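In: Here you go, sequence then predicted model.
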Amino acid sequence: MKMKRFFSLILAGALLLGILSACSPAPPPPPTGTAEPPQPGAAPTGSLVVAVAAEPPTTVPARHSQTAAIPLSFLTHERLVEQHYYTLEPIGQLAREWRALSDVLFEFTLHEGITFNNGDELTAYDVVSSFYWVRQYPASAMVHMSAQSIELVDRYTFRLYTGVPEASLMFDLTSHGNSIFPRNLTDAGHDFHADPVGSGAYTLAEWRSGDFLRFEAAANHWNAERAPRIQEINWRIIPEGSSRVIAYEVGEVDFILDVPLSDVPRLQADPNTYVFMQPSPVMNFWNLNHNAPQFQNRYARKAIFMAIDQEELVEGAYDGIGVPTRASLPMVFAGASYEGVVPFDPAGAKALLAEHNIDPASLAFEVLVRFEADRRASEIMQARLSDIGIPLTITMVESAFLVDATANGTFEAAHNNWNAAWIISYMRNQFFHTNGFVNRNQLRNPEISEIIAQGMATVDSDARAAIFEEASRMINEYVVWVPIKMQTTVRAFNSNLVVPEMSGMTTILNLHSAFWTE
């Protein structure tokens, strides 16, 4: 295998890798050689074709929360801060520096000379406008909970006010939902879906729905150190997994973003292919709609969970790639707890239903799935639930449909995942309900929400972890959802391609830094 590339092969520090490495597939060995990247200011060259499973619902970062589409959003738009691909810590992007004026007030200063891809200068006026403009979209509203207001100081300086101490502010600002848009265009009602305008390294040149999106390198990107190295990136939509692999093998595709796990050994055996595998804090699970009558009874949810064998799912549906888990939160995070976790016990599930006079047939429900591997997992779960008398219907849907259904509550159960590098994102987006924000389980539990709110307002990390441990225990016992596994991120691509900035975090894929060696 050619090793003309360099990578970060550590996830989020020794803690995460140490916990997961014992039971996850080992990441690839460090490269034996490196390739020097093009010099800053060098003209971008060549093209790159990326195969993905799902078409993005929109090109407007603020209007979607689809994990696979986030790297695409990073091509065209930028945020105040981004997550470092190696440490996952927030680092400056549009913001040159920031400082805390108090526990609730933070001052940011932008780089000067930033331009949008239409030539307009990006200033603090655009940041203030974007702060309020993106709040109209539910996909972005959640990552604005940590900041209450924004104050303009001068052309390149502004202040964010959180109201109460907020532990998640800087991580929230790394979200694609906090991308910055030109004020004159938002004021004019510009259609950013048809004509996305950001300050990113690429611009959208063409979108043929159901087929591909084509991006071209932005001329004279404001940051020469982060300017694109490849002239054109094509985002090809190939829903069927084996078709993505075939397209790669015949040379139509250079990079597979969504690798079918059953094809990993085949790709690893190819000397011209580099397979990137890394443990991830991303969790796969079944969202359960607590408004659906089948899931309003905690004992019904508990019986369903008791009938499911996570180890069987990982082996049978995911080819052994991933870490089975029954904990409701990723155990790699401080504040996650295994206390109160429901065991695998099919006989006990039957007895529990009988004890509480619950007719298994009355719990019949539908689960939405969007990927083949998830469908196979749901089929295994279908058989297990049938053993205790619960009928399950599996419905394959497009990613955009599943995202909308879980956001709007128009579903019963959904095979989903959540991609985040900190526990607050899990707590807030899946289990917290207050101030009009609705989690994807439609959970209404004031006691759980109150404890989560306390944790989010606690800046001290040890004290926050203790609060979240209590919330985690309650979530386990309440059986809010059905956890399945911790994900392993897998990418496969041509070995002549260098992709310096990838991570086990599935959203961190900075393709503007990629380049060809031959």
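Out: Okay, I see it.
In: Provide a list of residue ranges in the protein with pLDDT below threshold.
Out: In the prediction, the chain carries residues with pLDDT under 70 at positions 1-35, 142, 145, 434-438.
In: Dead centre of it: give me the residue that sits there.
Out: Note on the chain: the residue nearest the mean C-alpha position is residue 419, at 3.2 Å, using C-alpha atoms, centre = their mean.
In: from what I can see it touches residue 67, true?
Out: Yes: counting by C-beta atoms under 8 Å, residue 419 touches residue 67, with 4.8 Å between them. (Each C-beta comes from the backbone N, C-alpha and C, glycine too.)
In: which strand is the longest one in this structure?
Out: strand 273-288 (DSSP state E).
In: okay, and the common contacts of residue 419 and residue 67?
Out: Contact criterion C-beta atoms under 8 Å, 6 or more residues apart in numbering; residues shared by residue 419 and residue 67: 282, 506-507.
In: on that earlier part again, give the pairing partners of the longest strand of the chain; include direction for each.
Out: Here strand 273-288 has these sheet partners by DSSP bridges: strand 413-418 (antiparallel), strand 482-494 (antiparallel).
In: Can you give me the buried ones in whatever helix or strand comes next after that strand?
Out: Proceeding N to C from strand 273-288, the next assigned helix or strand is helix 298-306, under DSSP states H and E. Counting neighbours by 16 or more other C-beta atoms under 10 Å, one finds that the buried residues in helix 298-306 are 300-306.
In: before we move on, the earlier item: gap between the residue nearest to the centre of the chain and residue 111?
Out: 28 Å (C-beta to C-beta, to the nearest Å).
In: do residue 208 as well
Out: Distance, residue 208 to residue 111, by C-beta to C-beta: 35 Å.
In: Kindly report the same for residue 296.
Out: 51 Å.
In: What of residue 493?
Out: Using C-beta to C-beta, residue 493 is found at 31 Å from residue 111.
In: can you redo the strands paired with strand 273-288 as JSON lines with distance to residue 212 and mean neighbour count?
Out: JSON lines is the format used below for these (distance: least, C-beta to C-beta, whole Å; neighbours: other C-beta atoms under 10 Å):
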{"stretch": "strand 413-418", "distance to residue 212": "24", "mean neighbour count": "23"}
{"stretch": "strand 482-494", "distance to residue 212": "17", "mean neighbour count": "23"}
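In: picking up where we left off before, residue 208 and residue 111: who's more crowded?
Out: It is residue 111, of residue 208 and residue 111, that has more neighbours when counted by other C-beta atoms under 10 Å, with 15 against 10.
In: So what's the residue count around the residue lying closest to the more buried one once chain neighbours are set aside?
Out: Counting by C-beta to C-beta, 6 or more residues apart in numbering, residue 111 lies nearest to residue 96, which is 4.7 Å off, once chain neighbours are set aside. By the criterion of other C-beta under 10 Å, residue 96 has 15 neighbours.
In: partner strands of the helix or strand containing residue 96, parallel or antiparallel?
Out: Per DSSP H and E, residue 96 falls inside strand 95-100. Based on DSSP bridges, the pairing partners of strand 95-100 within the sheet are strand 105-110 (antiparallel).
In: quick one: residue 509 and residue 146, what's the gap?
Out: Applying C-beta to C-beta to residue 509 and residue 146 gives a distance of 25 Å.
In: With residue 423 instead?
Out: Distance from residue 423 to residue 146, by C-beta to C-beta: 14 Å.
In: same deal with residue 311?
Out: From residue 311 to residue 146 the distance is 37 Å (C-beta to C-beta).
In: More neighbours: which of those two?
Out: Higher neighbour count among residue 311 and residue 146: residue 146, with 23 against 14, using other C-beta under 10 Å.
In: Quick check: the more buried one touching residue 174?
Out: No: counting by C-beta under 8 Å, residue 146 sits too far from residue 174 to count as a contact (11.6 Å).
In: Tell me how far stretch 365-374 lies from the chain's centre.
Out: Computed by C-alpha atoms, centre = their mean, to the nearest Å, the chain-centroid distance of stretch 365-374 equals 18 Å.
In: Residue 475: how many residues sit nearby?
Out: Residue 475: 28 neighbours (other C-beta under 10 Å).
In: since we're on the closest residue to it other than its chain neighbours, how many residues are nearby?
Out: Nearest non-adjacent residue to residue 475, counting by C-beta to C-beta, 6+ apart: residue 328, 4.5 Å away. Neighbour count of residue 328, defined by other C-beta under 10 Å: 31.
In: ditto for residue 391
Out: Residue 391: 14 neighbours (other C-beta under 10 Å).
In: Could you shift the numbering so residue one becomes 20, and keep it that way?
Out: Sure, I'll start numbering at 20, so the last one becomes residue 410.
In: and it, what does it touch?
Out: By C-beta under 8 Å, 6+ apart, the contact set of residue 410 is 380, 383, 404.
In: Of the buried residues of helix 317-325, just say which sits nearest to residue 376.
Out: residue 319 (11.1 Å; C-beta to C-beta).
In: so what's residue 183 closest to, chain neighbours aside?
Out: Counting by C-beta to C-beta, 6+ apart, the residue nearest residue 183 is residue 476, at 5.0 Å.
In: my read: the one you found touches residue 181, true?
Out: No: the pair residue 476 and residue 181 does not pass the contact test of C-beta under 8 Å, sitting 9.2 Å apart.
In: More neighbours: those two, which one.
Out: Each of residue 476 and residue 181 has its neighbours counted (other C-beta under 10 Å); residue 181 has more, 20 against 17.
In: I'd assumed residue 169 was in contact with the more buried one.
Out: No: with contact defined as C-beta under 8 Å, residue 181 does not reach residue 169; the gap is 10.7 Å.
In: No further questions, thank you.
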